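Dropping a prediction and its sequence here:
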Amino acid sequence: MDKTTLYLSDELRRALKDAARRSGRAQADLVREALQLYLGNQTRPWPKSIGAGADGTLDARESEDWLRARWSKKLGDEQAGT
């Protein structure tokens, strides 16, 4: 576990201290639990690269056929010297 420093407003620091005292738990435990709950509820955005090449002309079901056709044509052109 790594140590992290947080800067809290006076009001938030007092609230954390009071919550720790009332619950009998360490402030660090409360902060970890709060972060786990908060971050666990966040949705992860899709990478920006997903869909970047989408142009509506080719979908994943056709991609292998498209590649075979293009590569075999290119290989044929290279073997013919064009």
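Yep, it's here. Numbers count the residues shown, from 1 in each chain.

Residue 16: which element?
Assessed by DSSP states H and E, residue 16 sits inside helix 10-23.

name the helices or strands packed onto that helix?
Packing contacts for helix 10-23, counted by 3 or more CB pairs under 8 Å, 6 or more residues apart in numbering; DSSP states H and E, involve helix 27-40. (Each C-beta comes from the backbone N, C-alpha and C, glycine too.)

Any buried residues in the helix it packs on, and which?
residue 30 (16 or more other CB atoms under 10 Å).

just the angle between that helix and helix 10-23, please?
Helix 27-40 and helix 10-23 are oriented at 110 degrees to each other (axes from the mean of the first three to the mean of the last three CA atoms, to 10 degrees).

Quick one: mean pLDDT over helix 27-40.
Summarised as a single mean, pLDDT over helix 27-40 is 95.

Using CSV, write out the CA atom coordinates for it.
Output in CSV follows, covering the C-alpha atoms of helix 27-40 (Å, rounded to 0.1, in the frame of the first residue of the first chain):
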residue,chain,number,x,y,z
GLN,A,27,-9.5,8.2,9.0
ALA,A,28,-7.4,6.4,6.4
ASP,A,29,-9.9,3.5,6.4
LEU,A,30,-12.8,5.8,5.9
VAL,A,31,-11.0,7.6,3.0
ARG,A,32,-10.1,4.3,1.3
GLU,A,33,-13.7,3.0,1.7
ALA,A,34,-15.1,6.3,0.3
LEU,A,35,-12.8,6.2,-2.7
GLN,A,36,-13.6,2.5,-3.4
LEU,A,37,-17.3,3.3,-3.4
TYR,A,38,-16.9,6.4,-5.5
LEU,A,39,-14.6,4.9,-8.1
GLY,A,40,-16.4,1.6,-8.2
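
Go ahead and name everything in contact with that helix.
Applying CB atoms under 8 Å, 6 or more residues apart in numbering, the external contacts of helix 27-40 come out as 6, 16, 17, 19, 20, 23.

rerun at 6 Å
16, 19, 20 (CB atoms under 6 Å, 6 or more residues apart in numbering).

for the residues you listed, which one is nearest residue 68?
Ranked by distance to residue 68 (CB to CB), these are led by residue 16 at 61.3 Å.

Show the model's pLDDT score for the closest one.
With respect to pLDDT, residue 16 has a value of 98.
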